[in-house]
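A.B. asks: sequence and predicted structure, then a few things I'm wondering about:
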Amino acid sequence: MHELILGGARSGKSRHAEIRAEASGLEVVYIATAQALDDEMAARIARHRGQRPAEWGLVEEPLALAAALQREAAGDRCLLVDCLTLWLSNLLLTDEPDRLANETEQLLALLPDLPGHIILVSNETGLGVVPMGALSRRYVDAAGWLHQALAAHCQRVTFCVAGLPQVLKGEPV
Amino acid sequence: MHELILGGARSGKSRHAEIRAEASGLEVVYIATAQALDDEMAARIARHRGQRPAEWGLVEEPLALAAALQREAAGDRCLLVDCLTLWLSNLLLTDEPDRLANETEQLLALLPDLPGHIILVSNETGLGVVPMGALSRRYVDAAGWLHQALAAHCQRVTFCVAGLPQVLKGEPV
Amino acid sequence: MHELILGGARSGKSRHAEIRAEASGLEVVYIATAQALDDEMAARIARHRGQRPAEWGLVEEPLALAAALQREAAGDRCLLVDCLTLWLSNLLLTDEPDRLANETEQLLALLPDLPGHIILVSNETGLGVVPMGALSRRYVDAAGWLHQALAAHCQRVTFCVAGLPQVLKGEPV
């Protein structure tokens, strides 16, 4: 089972992903894409970490996500990636112009072959006013196209609003 | 019945709240959190006021919302709070750093004991690009967490898009 | 059949509109509101054009949308307007202060009489933080009110998330 969990900022999407991972009954490995580059981000990371079960594995991978998934995936494992949003931002901010396209292509090519339960968490950011900065627009474009490709692939897609998961694709809860 | 009505800017959430209040059959008291600090806001307030039934009670309370709700709530009354968004903004802009946390805590502690029909209207603002300003991010965080706590408490949660209310929790329309 | 297709940036709304137009079985005329004012926009326009069937008619009309619809509509035609968002932006940026109000009024007055299948595509932009600029706020207001009026009129309203169309009004897919 591959699933995509979308939602806005503070919409409860990480919490929902954690509930789904617990419910899988499998060994869970949490794949964190965040980098503690400033105090605000470090505090967010620490808060998320404190909420997760202690027995979960942890892999920190800000950029090479497809490689990490390939390495960690197994039929008796649930991989929880939180979140694609930060991964895309990290890729956009590298010095390598093609890195974003290459990494997302690798991810999409790899996914159909990944065994086990894969949970991908991402922010929906395309529902506000079109941002002024060219980098923000590139981000919104990249995120939107990735979400469409992942939603087409995944068996289950959920959209969280105010902590209430709405199933957009797949069996209702 | 306690209900939360979410939606974007100009999504018809206030209109839907007014229809719900009318349909309650109870005496309605409108609790306005807006402050007419500039002409644009004064015009918005006047427009909203002109759309409401003249017999509705009106309480203006930009900050001490829990106290106002405690004072006004009754089994044969419907209180319509419009909106939580401005209340949170007002709290963030006071000089008192703990005011926001204290007031939201009071609201959440009080709600389970409030009699009558309570309708809470709030803007969903977390679905755009993460804002640059630290204050905007604090606002998005505060709003998101409050929405999650309120949605968990309320029997009915509605999300308005283009004037069309979508029921996220509770009986469909 | 008149329908409104809403969604965020890169949500798959144009693709969904094209699928709906193809499925109508009618002659399709695509009404483009975009203006190629810079390279980024020219590239977006060219990409969209390359994705559409070659036999579709094309009308480019950045401002006088109601007049174009009146001229082109016919019982055996499907008109696809992509998108209202750019049309509203174009109107806001003219030197004529009343142009936006006049044009939207004309559109709403004309719509009930239009024969054939009409598909209107628009961006939902009201779910982020309230924008700082007065022009952006005027845009969000204008778009929100127009969406409400169109959603009340149309037999079918769809909201696209990650390429997955959610029916808000009308028969489920």
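C.D. replies: Here it is on my side, so go on.
A.B. asks: now do the strands in chain A.
C.D. replies: Applying DSSP state E to chain A gives strands spanning A:2-7, A:27-32, A:57-60, A:77-82, A:117-123, A:156-161, A:164-169.
A.B. asks: which of those strands sits most buried?
C.D. replies: When these are scored by mean count of other CB atoms under 10 Å in any protein chain shown, the highest mean neighbour count falls to strand A:2-7 (a mean of 26). Quick note: C-beta positions are derived from backbone N, CA and C, even for glycine.
A.B. asks: by contact count, what packs against that strand?
C.D. replies: If contacts are counted by 3 or more CB pairs under 8 Å, 6 or more residues apart in numbering or on different chains; DSSP states H and E, strand A:2-7 sits against helix A:13-23, strand A:117-123, helix A:134-153, strand A:156-161.
A.B. asks: at 6 Å instead, please
C.D. replies: On a contact count with 3 or more CB pairs under 6 Å, 6 or more residues apart in numbering or on different chains; DSSP states H and E, strand A:2-7 meets helix A:13-23, strand A:117-123, strand A:156-161.
A.B. asks: report the rounded mean pLDDT for it.
C.D. replies: Strand A:2-7 shows a mean pLDDT of 98.
A.B. asks: so how far is it off the chain centroid?
C.D. replies: Counting by CA atoms, centre = their mean, to the nearest Å, strand A:2-7 is centred 8 Å from the centre of its parent chain.
A.B. asks: who touches that strand?
C.D. replies: Residues outside strand A:2-7 that contact it (CB atoms under 6 Å, 6 or more residues apart in numbering or on different chains) are A:13, A:16-17, A:118-122, A:124, A:150-151, A:154, A:156-160.
A.B. asks: one more time with 8 Å
C.D. replies: Contact with strand A:2-7 is made by A:13, A:16-17, A:20, A:111, A:114, A:117-124, A:147, A:150-151, A:153-161, A:165, A:168, A:170, B:126, C:161-162, as judged by CB atoms under 8 Å, 6 or more residues apart in numbering or on different chains.
A.B. asks: and A:Gly50, how many residues sit next to it?
C.D. replies: Neighbour count of A:Gly50, defined by other CB atoms under 10 Å in any protein chain shown: 8.
A.B. asks: before we move on, the earlier item: for the strands of chain A, give me a markdown table that also has distance to A:Asp39.
C.D. replies: Formatted as a markdown table, the strands of chain A follow (distance: least, CB to CB, whole Å):
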| stretch | distance to A:Asp39 |
| --- | --- |
| strand A:2-7 | 25 |
| strand A:27-32 | 17 |
| strand A:57-60 | 18 |
| strand A:77-82 | 20 |
| strand A:117-123 | 21 |
| strand A:156-161 | 27 |
| strand A:164-169 | 31 |
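A.B. asks: spell out which residues of chain A are next to chain B.
C.D. replies: For chain A, the residues in contact with chain B (CB under 8 Å from any CB of the partner chain) are A:7-12, A:40, A:123-129, A:131, A:136, A:139-140, A:161-164, A:166.
A.B. asks: adding mean pLDDT, write the helices and strands packed on strand A:2-7 out as JSON lines.
C.D. replies: JSON lines is the format used below for these (pLDDT from 0 to 100):
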{"stretch": "helix A:13-23", "mean pLDDT": "96"}
{"stretch": "strand A:117-123", "mean pLDDT": "97"}
{"stretch": "strand A:156-161", "mean pLDDT": "97"}
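A.B. asks: name the residues of the helix or strand of chain A with the lowest mean pLDDT that are buried.
C.D. replies: Lowest on mean pLDDT, DSSP states H and E among the helices and strands of chain A sits helix A:39-51, with a mean of 79. Across helix A:39-51, burial judged by 16 or more other CB atoms under 10 Å in any protein chain shown covers A:His48.
A.B. asks: so it versus strand A:77-82, what angle?
C.D. replies: With axes from the mean of the first three to the mean of the last three CA atoms, to 10 degrees applied, the angle from helix A:39-51 to strand A:77-82 works out at 150 degrees.
A.B. asks: hmm, who's touching helix A:39-51?
C.D. replies: A:Ser14, A:Arg15, A:Glu18, A:Ala32, A:Ala34, A:Gln35, A:Ala36, A:Asp82, B:Ala134, B:Arg137.
A.B. asks: any idea how far that helix is from the chain center?
C.D. replies: The gap between the average C-alpha position of helix A:39-51 and the chain average comes to 16 Å, counting by CA atoms, centre = their mean.
A.B. asks: with stretch A:145-156 instead?
C.D. replies: Mean-position distance between stretch A:145-156 and its chain equals 12 Å (CA atoms, centre = their mean).
A.B. asks: buried ones among the residues of chain A next to chain B?
C.D. replies: A:7-12, A:123-129, A:131, A:136, A:139-140, A:161-164, A:166.
A.B. asks: which parts of chain A sit against chain C?
C.D. replies: So chain A meets chain C at A:4, A:6, A:8, A:124-130, A:134, A:137, A:140-141, A:143-145, A:147-148, A:150-152, A:157, A:159, A:168-169 (CB under 8 Å from any CB).
A.B. asks: make a markdown table out of the helices and strands packed on strand A:2-7 and add distance to C:Ala46.
C.D. replies: Formatted as a markdown table, the helices and strands packed on strand A:2-7 follow (distance: least, CB to CB, whole Å):
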| stretch | distance to C:Ala46 |
| --- | --- |
| helix A:13-23 | 35 |
| strand A:117-123 | 28 |
| strand A:156-161 | 30 |
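A.B. asks: so for C:Leu65, which of the ones you listed sits nearest?
C.D. replies: Nearest to C:Leu65, of all the helices and strands packed on strand A:2-7, is strand A:156-161, at 31.1 Å by CB to CB.
A.B. asks: how far does that closest one sit from the chain's center?
C.D. replies: 12 Å.
A.B. asks: who touches that strand?
C.D. replies: Counting by CB under 8 Å, 6+ apart, A:1-8, A:11-13, A:16, A:124, A:151, A:165-171, B:6, B:124, B:151, B:159, B:168, C:161-162, C:164 sit against strand A:156-161.
A.B. asks: distance of the residue lying closest to A:Leu100 once chain neighbours are set aside from chain C?
C.D. replies: Distances taken as CB to CB, 6 or more residues apart in numbering or on different chains place A:Leu91 nearest to A:Leu100, at 4.2 Å, with adjacent residues excluded. Distance, A:Leu91 to chain C, using CB to the nearest CB, to the nearest Å: 16 Å.
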